[in-house]
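A.B. asks: what's the 3D shape of this:
(chains A and B)
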Protein chains: 2
Amino acid sequence: MQNYRITIQYVGASYSGWQIQDGKATIQGELERAIAEATGEVAAVVGSGRTDAGVSAIGQVANFFLQKSWQPQKLVYAINAHLPADISVLQAEVVSPDFNARFCAKTKTYEYYFYMSNVRQPLLDRFALKTRLLNILAMQEACKYLVGEHDYTSFVARNSGKNNFVRTIYDAKIVQIKDNLYKFVVCGNGFLYNMVRIIVGTLLEIGENKHSPQHMADVIAAKSRPLAGKTVPSIGLFMKQVDYTTQ
Amino acid sequence: MQNYRITIQYVGASYSGWQIQDGKATIQGELERAIAEATGEVAAVVGSGRTDAGVSAIGQVANFFLQKSWQPQKLVYAINAHLPADISVLQAEVVSPDFNARFCAKTKTYEYYFYMSNVRQPLLDRFALKTRLLNILAMQEACKYLVGEHDYTSFVARNSGKNNFVRTIYDAKIVQIKDNLYKFVVCGNGFLYNMVRIIVGTLLEIGENKHSPQHMADVIAAKSRPLAGKTVPSIGLFMKQVDYTTQ
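C.D. replies: Coordinates of the predicted model:
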């Protein structure tokens, strides 16, 4: 058996997220089907983490085992020949049998794109959320409170009561791309269901001067979902990269 | 009568280009419909130039006359309320009755996006052409030959025999956006049908080292369409801006 690590890019708009679900189109489902068609082997694809419905990935990472030994670049082409246009394997490599894309992941980086405008900009609407004019400096300030090891219960969509909501965020910042287009970039050791989108919703309220930057610290401390902002739409969210070496 | 100048952004994928055609969805057709619905007046919308089927615009310019006097920002919102999601009026202003978006245009700038990759990148496929590894320096060199006043007959899709194919290109260059993503940017006093896409097709052949950079000068001098490269797909082409003051 060979363990293959792959990097995958996808446009999430047409999928019900990463994880296989009965009767729904998912990224994991499409990958397992394509691998089976390309190799004749049934393999379970382990992703670094699930992305929600509609969320895209610039560089998601996964691994799977095959009996047959493949030259990695040939495996890439073989799988891509069976994938739809909105999913693509960018790279493959043979890794140690110990490598598990989920459990070995050290950090994940997500990006959320938004643009400030009074009017719709259709070319930006394809990947970014339209917002009103925001106080970017206040949002930058609020980002500082996100960094560190915290209980992020306030930013969890569904509190199942079963989980541990403590995570570490290593970096969080607002970056200007061009003109009125910005992105929120956050890097951490793991993210909870809808966590990034609820953080962005909270940042937007601070950017609208509804709250001071300090509000972010208060929301974290309160461990209460209602204090945080709305869950912003999935269109602006991208899983940027997964790193497997310690920061 | 008031003359209104508008700046428009659109994703061209779903349209048969700018110009109104019977039974086809066009940008001009959608605008005239939306203006009629928003204002109750029938106005002929004059664009700075036609964009081909599938071509997008970051900042197309047009003008039209209305009997009623509108506060420009209100007119923007009123028209946008009747436009589909992939077309948007960014801005409106009242201009002199002499202003004609087509005849007063001094320069137009187009951009063509491409990325060099062995594998498809779905997030880039939405707005850029995938190419093999290219000799960007050779392409830069070839761009220099495009600049100036030339007869661009070699880059015209259909030679009707009626037109004057002399145009002036003020600037032409390749710009790296990020990593393997580049754009060709060209600014001129006017462009012929498919001209930018055929220029890019010719540049790609030079980038593939099929020809030297000097080939561009030879193609221009020959005034012969077959010597130029292929017409590249519309997906990568964007009308960036129109300027109404002399360079």
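A.B. asks: list the pairing partners of the lengthiest strand in chain A within its sheet, with orientation.
C.D. replies: Taking DSSP state E as the criterion, chain A has its longest strand at strand A:166-178. The pairing partners recorded for strand A:166-178 under DSSP bridges are strand A:148-151 (antiparallel), strand A:181-188 (antiparallel).
A.B. asks: which of those sits most buried?
C.D. replies: Mean neighbour count (mean count of other Cβ atoms under 10 Å in any protein chain shown) peaks for strand A:181-188 among these, with a mean of 21. Where you see a C-beta, it was placed from the backbone N, CA and C, and this is true even at glycine.
A.B. asks: contacts for that strand?
C.D. replies: Outside of strand A:181-188, the residues within contact range by Cβ atoms under 8 Å, 6 or more residues apart in numbering or on different chains are A:107-116, A:124, A:128, A:136, A:139, A:143, A:146, A:167-177, A:196, A:199-200, A:203, A:240.
A.B. asks: again with stretch A:235-247
C.D. replies: Here stretch A:235-247 has contacts from A:13, A:48-49, A:51-52, A:54-61, A:99, A:101, A:104-114, A:125-129, A:170, A:185, A:196-197, A:200, B:123, using Cβ under 8 Å, 6+ apart.
A.B. asks: please indicate which of those residues are buried?
C.D. replies: With burial judged by 16 or more other Cβ atoms under 10 Å in any protein chain shown, the buried subset of the contacts of stretch A:235-247 is A:48-49, A:51-52, A:54-61, A:99, A:101, A:104-105, A:107-114, A:125-129, A:185, A:196-197, A:200, B:123.
A.B. asks: any idea what residue A:151 is bridged to?
C.D. replies: Here residue A:151 shows beta-bridge partners residue A:166, assigned using DSSP bridges.
A.B. asks: repeat for residue A:60
C.D. replies: Partner residues in beta bridges with residue A:60: residue A:8, with DSSP bridges as the criterion.
A.B. asks: residue contacts, it?
C.D. replies: Going by Cβ under 8 Å, 6+ apart, residue A:60 touches A:7-10, A:18, A:27, A:47-48, A:51, A:239, A:242.
A.B. asks: just those now: which is nearest residue A:89?
C.D. replies: Relative to residue A:89, the closest of the contacts of residue A:60 is residue A:8; by Cβ to Cβ it sits at 5.6 Å.
A.B. asks: tally of neighbours for that closest one?
C.D. replies: Residues contacting residue A:8 under the criterion other Cβ atoms under 10 Å in any protein chain shown number 28.
A.B. asks: show the contacting residues for it.
C.D. replies: With the criterion set at Cβ under 8 Å, 6+ apart, residue A:8 makes contact with A:27, A:31, A:57, A:59-62, A:87-90.
A.B. asks: mind redoing it with 10 Å?
C.D. replies: For residue A:8, the contacting residues are A:18, A:27-28, A:30-31, A:45, A:47-48, A:57-62, A:79, A:83, A:87-92, A:239, B:122, by Cβ atoms under 10 Å, 6 or more residues apart in numbering or on different chains.
A.B. asks: flag every residue of chain A that's near chain B.
C.D. replies: A:7-12, A:56-58, A:73, A:76-77, A:80, A:83-91, A:117-127, A:238 (Cβ under 10 Å from any Cβ of the partner chain).
A.B. asks: what's the pLDDT at residue A:193?
C.D. replies: According to the prediction, residue A:193 has pLDDT 87.
A.B. asks: try residue A:150
C.D. replies: At residue A:150, the model reports a pLDDT of 97.
A.B. asks: the closest residue to it other than its chain neighbours: neighbour count?
C.D. replies: Nearest residue to residue A:150, sequence neighbours excluded (Cβ to Cβ, 6 or more residues apart in numbering or on different chains): residue A:220, at 5.2 Å. Other residues near residue A:220 come to 21 when the count uses other Cβ under 10 Å.
A.B. asks: contacts for the helix or strand containing residue A:220?
C.D. replies: For residue A:220, the host element (DSSP states H and E) is helix A:215-222. Contacts with helix A:215-222, where a contact means Cβ under 10 Å, 6+ apart, come from A:138-139, A:141-146, A:148, A:150-155, A:172, A:198-199, A:202-203, A:205-206, A:211-212, A:224-229.
A.B. asks: what about those, which are in helices?
C.D. replies: The helices in this structure, assigned by DSSP state H, contain A:138-139, A:141-146, A:198-199, A:202-203, A:205-206 from the contacts of helix A:215-222.
A.B. asks: from the contacts of stretch A:235-247, which land in helices?
C.D. replies: Among the contacts of stretch A:235-247, DSSP H puts A:125, A:196-197, A:200, B:123 in helices.
A.B. asks: ok, so of these, who is nearest residue B:191?
C.D. replies: Sorting the ones in helices among the contacts of stretch A:235-247 by distance to residue B:191 puts residue A:125 at the head of the list, at 26.8 Å, by Cβ to Cβ.
A.B. asks: now do the contacts for the closest one.
C.D. replies: For residue A:125, the contact set (Cβ under 10 Å, 6+ apart) comprises A:115, A:235-236, B:9, B:11, B:85-86, B:88.
A.B. asks: and it, how close does it get to residue B:82?
C.D. replies: When Cβ to Cβ, to the nearest Å is the yardstick, residue A:125 and residue B:82 sit 17 Å from each other.
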